Each structure stands twice: as C-alpha cells, then as structure tokens.
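[1] dropping the sequence and predicted coords here.
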Amino acid sequence: MANSLFLKKPMNLLLQEAGDTGEHSLRRTLGPVSLTALGIGAIIGAGIFVLSGLGAHYAGPGLMLSFVISGLGCAFAGLCYAEFAAMIPLAGSAYTYAYAALGELFAWIIGWDLTLEYAMGASTVSSGWSNHFIELLHILHLKMPLWLAYDHWTALRTAENFIARDMASTADPSLVAGTQAFLDRVGIVIAAQSPELLQRAHDLVGAPTIFGMEIGFNLPAFCIALRILGFLRGGGYGVKPDVREKYVRGAGSY
C-alpha cells in the first residue's frame, strides 16, 4: 500500500496516453501565442492589478523593488516550467511532472492544490475585475445599479448592517445582538429536526443554501420585512444617501 502511494508513471506510458485519440482525449489546439499568453497570465497573477494601490500606500517607492524581485521570481518559475515542458511534453502541468518524478501521492496533492488555486484565483480575479469595471463606468459617467454589482451574500450582509442601525436607534441592545443568533438557531433546528419541513420550505420559497446547509426560510424576503419594521419603529428614521453609498460600496470591496 505504501509503495503504491509513491508509484511513478513511466515516461513511455505517459506518452502513450497522450497519443491516444478518442472521445475523452485532449486535442492539441493551442498555438505558441496562446500558450505563451496563458503561461504569462498564470505566472503573474491578479494581485498586481488589485493590490498595487494598497502596497504603494504602505511601502511607498519601495514597491518598485518588490516588483523587480517578483519579476525575477516569475522569470525563474517560467524557466523551470519550460524545462519540465521540454522533458515531459504533455498536458497536465505540475500534476504530470510530479506523477513522473515523485509519485502518485505527490501528484494527487499537487493536482488538488492546483484545483483550489484556480478556484480561488477565479474568485479574486472576478472581484478585482468587477471593481475596476465599476470605476471605469464612473469615469465614463455611467452608474451601474449597486444591486447588480454585488453578490447575494454581500447584499445580505449589507441588509443586516442597515437592520442593526435602524433597530439600535429604538430597540433594546440585547434584542439587536440576539437577532442573528436567533436566525442561525432557527435554521439549524429546522435542518436537524425536520428534513421534510425543510424540503417543503425550499419548494415554497426557494430557501437558499449556506455552507452546504439549506435554511428553512427566504432570507432576502425576511430581511426586507425586518428592514421595514425597523424603519417604522424608528419613527421614519432613514439612512442618508451618502452613508448608504459608502456602506454598499465598501461591503463588496476586495
């Protein structure tokens, strides 16, 4: 069993699998330009575009030195990948290289690491890109609706902030502090005690899923109703437009 974890795949077997043709085989359709662009994009990353301002704020002119050092690291990483690609001219990136050089266990670890890396990378890139796109629209004097610019979770957290602000002006502090804990307990009890009720609630109102666990009521509708209640209890208390703009825009920043 232990030996099988470190079993290496021979080069001739890798080449044979790469040469197979069929429904589930990979076709070599990318040319030199596409591969070079894909490699540069994978090496540089998105942090240079979304975190440069924050780095300049804390590091000042020293940020240029970090760019030079990072550029050297990217160049060495590119040379390493070029050497591996020349030795093992197959698809699979570090997964294939590890399978041939280190064994199945290391290939399995690296493969899942790459999967998580690209999944998280897609999230951070999309977040940074959306903020830049919104700022570009502002420069062009075009304003995108804020409800369209952010995800359901950000909108939910923003609604909770407004609820807390409105209720805190008139309600008892213990009531405000216990509201979120009460909602969490309701969802947990429904999910644990009555799966049938949970399914019926999902069918009726389309209850969302949070961390793989469905909750038994429609959170957006509940937050809207609670928001109206807080507004009425506050005697017409409202949030100023500039404050609302700051809260909504700040909630989804990267």
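    Perfect, thanks for sending it. Numbering: from 1, shown residues only.

[2] in terms of secondary structure, what does the longest helix along the chain contact?
    In the chain, taking DSSP state H as the definition, the longest helix is helix 104-139. Applying 3 or more C-beta pairs under 8 Å, 6 or more residues apart in numbering; DSSP states H and E, one finds that helix 104-139 makes contact with helix 2-5, helix 47-50, helix 93-101. Backbone N, C-alpha and C define where each C-beta goes, glycine included.

[3] redo the ones you listed as JSON lines? Include distance to residue 67, mean neighbour count and mean pLDDT.
    Below are these laid out as JSON lines (distance: least, C-beta to C-beta, whole Å; neighbours: other C-beta atoms under 10 Å; pLDDT from 0 to 100):
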{"stretch": "helix 2-5", "distance to residue 67": "41", "mean neighbour count": "8", "mean pLDDT": "68"}
{"stretch": "helix 47-50", "distance to residue 67": "8", "mean neighbour count": "14", "mean pLDDT": "69"}
{"stretch": "helix 93-101", "distance to residue 67": "25", "mean neighbour count": "19", "mean pLDDT": "82"}
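
[4] name the SS class of residue 143, please.
    coil (DSSP: H, G, I helix; E, B strand; the rest coil).

[5] for it, which non-adjacent residue is spatially closest?
    In space, not counting the residues next to it along the chain, residue 143 is nearest to residue 137; the distance is 6.8 Å by C-beta to C-beta, 6 or more residues apart in numbering.

[6] for that neighbour, the count of nearby residues, please.
    Counted with other C-beta atoms under 10 Å, the neighbours of residue 137 add up to 13.

[7] residue 144 is in contact with that one, correct?
    Yes - using C-beta atoms under 8 Å, residue 137 is in contact with residue 144, at 5.6 Å.

[8] got the contact list for residue 10?
    Residues near residue 10 by C-beta atoms under 8 Å, 6 or more residues apart in numbering: residue 100.

[9] next one: it from residue 88, what distance?
    In this structure, residue 10 and residue 88 are 11 Å apart, going by C-beta to C-beta, to the nearest Å.

[10] just residue 60 next, same as before
    Residue 60 is 44 Å from residue 88, by C-beta to C-beta.

[11] ok, these two, which is more surrounded?
    Neighbours were counted for residue 60 and for residue 88 using other C-beta under 10 Å; residue 88 has more, 18 against 9.

[12] residue contacts, that one?
    Taking C-beta under 8 Å, 6+ apart, one finds 11, 14, 96-97, 100 in contact with residue 88.

[13] now do 10 Å
    11, 14-15, 18, 96-97, 99-101 (C-beta atoms under 10 Å, 6 or more residues apart in numbering).

[14] with residue 96 instead?
    Here residue 96 is in contact with 9, 14, 17-18, 84-85, 88-90, 107, 110-111 (C-beta under 10 Å, 6+ apart).

[15] on that earlier part again, from the contacts of residue 88, which two are the most distant?
    The two members of these with the most space between them (C-beta to C-beta) are 18 and 101, at 16.5 Å.
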